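I would like to see how this sequence folds:
(one chain, ligands or ions: 1)
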Amino acid sequence: MERRVRVRFAPSPTGPLHIGGVRTALYNYLFARQNGGDMILRIEDTDSTRFVPGAEDYINEALAWLGIGIDEGVREGGNYGPYKQSERRDIYREHVDILLKADKAYIAFDTPEELEAKRAEMPNFQYDASTRLSMRNSLMMPADEVKALIADGTKYVVRFKVEPNRNIEVNDLIRGKVTINSSILDDKVLYKSADDLPTYHLANIVDDHLMEVSHVIRGEEWLPSAPLHVLLYEAFGWLDTMPQFVHLPLLLKPEGAGKGKLSKRDGDKLGFPVFPLEWHDPKSGEISSGYREKGYLPEAVVNFLALLGWNSGDDTEIMSMDELIAKFSFEHCSKSGAKFDYKKGAWFNHEYLLRKDDASLAELFKPVLAANGVNPADFSDAFITRTVELVKSRISFVSELWEQAKFFYVAPDSYAEKDIKKRWKEDTPAIMEELIGVIESISDFASKPSEDVVLGWITEKGYHMGNVMNAFRLTVVGECKGPHMFDITELIGKEETIARIRKGIEQIKLADA
Ligand code: GLU
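You can find the predicted model right below:
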C-alpha cells in the first residue's frame with residue numbers, strides 16, 4: 001500500500017528563520033500539496049541553552065506571509081501532538097528506557113572535565129566502541145553503583161551504543177544511495193539528566209516515527225545525521241516505516257563573494273536580506289533586514305526561492321504557488337549547492353509587480369506616499385492608480401514608486417543641472433511663455449489632443465522639437481525623464497501644468513544667473 005505523504009518542517013527556535021530554512025519549508029510544502037499529504041510544523045526546542053524568545057512567533061509569521069500553509073502544528077493542532085518537543089518529555093523518557101532495557105544504550109557519568117582530559121590524552125578521541133570501555137559508564141560499573149550515583153543526583157547522559165564497522169545505507173531521493181561506515185559515528189548522547197531533555201538526535205527521530213513522517217526533506221547539512229536515523233529506527237524495530245530522505249543542496253554565497261555557505265555577513269556586505277522578515281534581536285537589539293520590509297512581494301520570494309536548487313525542466317521561470325505545486329519534483333533538484341543570486345530576486349519582484357493589477361499596487365503605494373509627506377486622501381484612487389500604471393515598468397520595489405512618480409504629487413522645486421545645461425537655451429523662457437498661451441487654448445486636455453496641438457505649434461514655428469519638449473518636461477518633472485509627457489499633463493491638469501511652466505521660467509532663470 002502506498003504510504004500517506006506526511007512531511008515535517010522542524011526548525012529550532014534559536015533565532016530568525018534563515019532564508020535557506022524558508023526554502024526547506026517551501027519544498028516540504030510543495031511536495032505535501034502535490035501529493036495531497038500533510039505538512040507538519042514541529043518546533044524542536046530541546047536545546048534549552050539556545051532558545052531565543054520570539055523565534056517561534058517569527059517562524060509562524062514568516063510562513064504565513066509566504067503562504068506556506070501548515071496542516072498540523074502548535075497553532076493548528078492535529079492528532080499527533082504535542083508539536084513542540086519541550087512538551088513531549090514523557091514520550092522521550094519512555095523511549096530512552098526502551099533502549100536502555102534492550103541494552104542498546106547506556107548511562108554515562110563522565111564529566112565535561114573528564115572528557116576534556118581524555119581528548120588531551122588522545123588527540124583523535126571519539127566516544128565509541130573502541131573507547132567506551134575505558135570510560136565511566138554503566139557498561140563498566142556494577143549495577144548498584146549506577147543506581148547509587150543516580151539516586152545521589154549525579155548528572156548523567158544516555159548514550160547510544162553504536163555497533164562498529166557496519167555499512168549503513170541511506171537512500172536519498174536527490175543523492176541516491178549513500179553508504180556510511182558506522183565506525184565514524186560516536187556514541188551519540190540521546191538524553192541529558194541535567195535538564196531532563198533528550199538531544200536533537202533522539203527527539204527528532206522518535207517524533208518522525210510517532211508522527212508517521214514519510215519523507216524527511218531538509219538541508220544537506222543534516223546528511224551526517226541520517227545514518228543515526230537509520231540505526232535508531234533499527235534499534236526501535238521501526239525499519240519498515242523508515243522515511244525517505246531528501247537532502248537539499250546548500251545555498252551558497254552569491255557570485256563574487258567567495259566560496260561556501262550563504263551567510264548573514266554576505267547579505268550585510270552586498271545589501272540584501274537573508275531573512276524573510278525583519279528581525280529585532282531581543283538580546284543585542286540588532287536589527288536584521290527582511291524581504292517583507294524591503295518591499296518584496298511574497299509571491300516573488302516564493303518563486304525565487306523555489307528556483308534555488310530546483311528547475312522546472314523547461315525554461316519557465318515565473319510560476320505561481322499552484323504551478324510550483326504541480327511541477328515540483330526531486331528529480332529536478334540539484335545535488336550541488338545553489339548560488340544565491342540576489343539580483344535575480346529583484347528581477348522576480350519586478351516581474352510580479354508588473355503582473356499585479358494597478359489598483360492593488362496603488363494600495364501598496366499609499367503608505368509610501370504618506371511616508372513622503374503626501375496625504376493619499378488628497379488624491380482620488382483613480383489618480384493614484386493611473387500614476388502607478390504610468391511608471392510601474394521602471395521599478396523593482398514599491399518604495400521606488402516614489403522616486404518615479406513623485407512629480408505627479410508635488411511640483412519640482414529643483415531642476416536637474418545637466419538637463420538645464422543641455423536644454424535650457426537663451427530663447428527658452430520666451431518659448432515657454434508662448435507655450436503657456438498654447439496650452440491655455442487647448443479645449444480637450446486629454447493626452448492625445450493636447451499632444452497634437454503642442455506638436456503642431458512647435459512644427460509650425462519651426463522650433464527645435466527636442467529642446468522645446470525637454471524644456472517643457474524640465475519644468476513639469478524637474479528632469480528630462482519619466483513617462484509620456486502628455487499622459488503626465490493630462491493627469492495633473494491644465495492649471496497645474498501652467499503653474500509649473502511659470503515656476504520653471506522663474507526658477508530656472510534664477511539657477512542660470
Ligand atoms: N531541528 C533541526 C533544524 O533546526 C531539524 C533538522 C531536520 O529537519 O531533521 O533544522
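
Quick check: the residue of the stretch 101-250 of the chain nearest the ligand.
Of the residues in the stretch 101-250 of the chain, the one nearest the ligand is residue 218, at a distance of 3.6 Å by CB to the nearest ligand atom. Placement of C-beta: from N, CA and C, glycine included.

What about that residue, how many residues nearby?
The number of residues packed near residue 218 is 23, by other CB atoms under 10 Å.

same thing with residue 487?
18.

Was I right to think it contacts residue 391?
No. With the criterion set as CB atoms under 8 Å, residue 487 and residue 391 do not qualify as a contacting pair; they are 10.2 Å apart.

picking that back up, how about the contacts made by the residue of the stretch 101-250 of the chain closest to the ligand?
Residue 218 makes contact with 10, 24, 246-248, according to CB atoms under 8 Å, 6 or more residues apart in numbering.

Next, it: secondary structure please.
Using DSSP: H, G, I helix; E, B strand; the rest coil, the secondary structure recorded for residue 218 is strand.

Tell me the spacing between it and residue 76.
From residue 218 over to residue 76 the distance is 20 Å, taken as CB to CB, to the nearest Å.

List of residues touching the lengthiest helix in the chain?
Of all the segments of type helix in the chain, defined by DSSP state H, the longest one is helix 494-512. If you take CB under 8 Å, 6+ apart as the criterion, helix 494-512 is touched by 411-413, 415, 417, 420, 424, 429, 432-433, 435-436, 439-440, 442, 445, 471-472, 474-476, 489, 492.

Apply 7 Å and report the result again.
Contacts made with helix 494-512 from outside it, assessed by CB atoms under 7 Å, 6 or more residues apart in numbering, are listed as 411, 415, 420, 424, 429, 432-433, 435-436, 439-440, 445, 474-476, 489.

That one: which residues count as buried?
Buried residues in helix 494-512, counted by 16 or more other CB atoms under 10 Å: 497-501, 503-505, 508.

Flag every residue of the protein that's near the ligand.
Taking CB under 6 Å from any ligand atom as the test, the list of the chain residues beside the ligand reads 10-12, 44, 200, 204, 218, 222.

Can you select the buried ones among the residues you listed for me in PyMOL?
In PyMOL syntax, the buried subset of the residues of the chain next to the ligand is picked out as below (16+ other CB under 10 Å):
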select buried, resi 10+11+12+44+200+204+218+222
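
Take the residues of the chain next to the ligand and keep only those in helices.
Among the residues of the chain next to the ligand, the ones falling in helices (DSSP H) are 200, 204.

how far away is the closest residue to residue 379 other than its chain neighbours from the ligand?
Of all residues beyond its chain neighbours, the one nearest residue 379 is residue 409 (7.1 Å), with distances taken as CB to CB, 6 or more residues apart in numbering. Using CB to the nearest ligand atom, to the nearest Å, we find residue 409 at a distance of 47 Å from the ligand.

so how many other residues sit close to residue 409?
The number of residues packed near residue 409 is 19, by other CB under 10 Å.

isn't it right up against residue 374?
Yes. Shown here, residue 409 and residue 374 form a contact pair, counting by CB atoms under 7 Å, at 4.8 Å.

Where does pLDDT dip in the chain?
1, 510-513 (pLDDT under 70).

in it, which spans are strands?
Secondary structure of the chain (DSSP state E): strands at 6-9, 38-41, 105-108, 157-160, 167-172, 176-181, 189-192, 197-198, 215-219, 244-248, 251-252, 279-280, 287-288, 338-339.

who does the fourth one touch, helix- and strand-wise?
I take that to be strand 157-160. strand 105-108, strand 189-192 (3 or more CB pairs under 7 Å, 6 or more residues apart in numbering; DSSP states H and E).

is it possible to export those to a markdown table including mean neighbour count?
Formatted as a markdown table, those follow (neighbours: other CB atoms under 10 Å):
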| stretch | mean neighbour count |
| --- | --- |
| strand 105-108 | 23 |
| strand 189-192 | 22 |
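
Tell me how far the longest helix of the chain lies from the chain's centre.
Mean-position distance between helix 494-512 and its chain equals 47 Å (CA atoms, centre = their mean, to the nearest Å).
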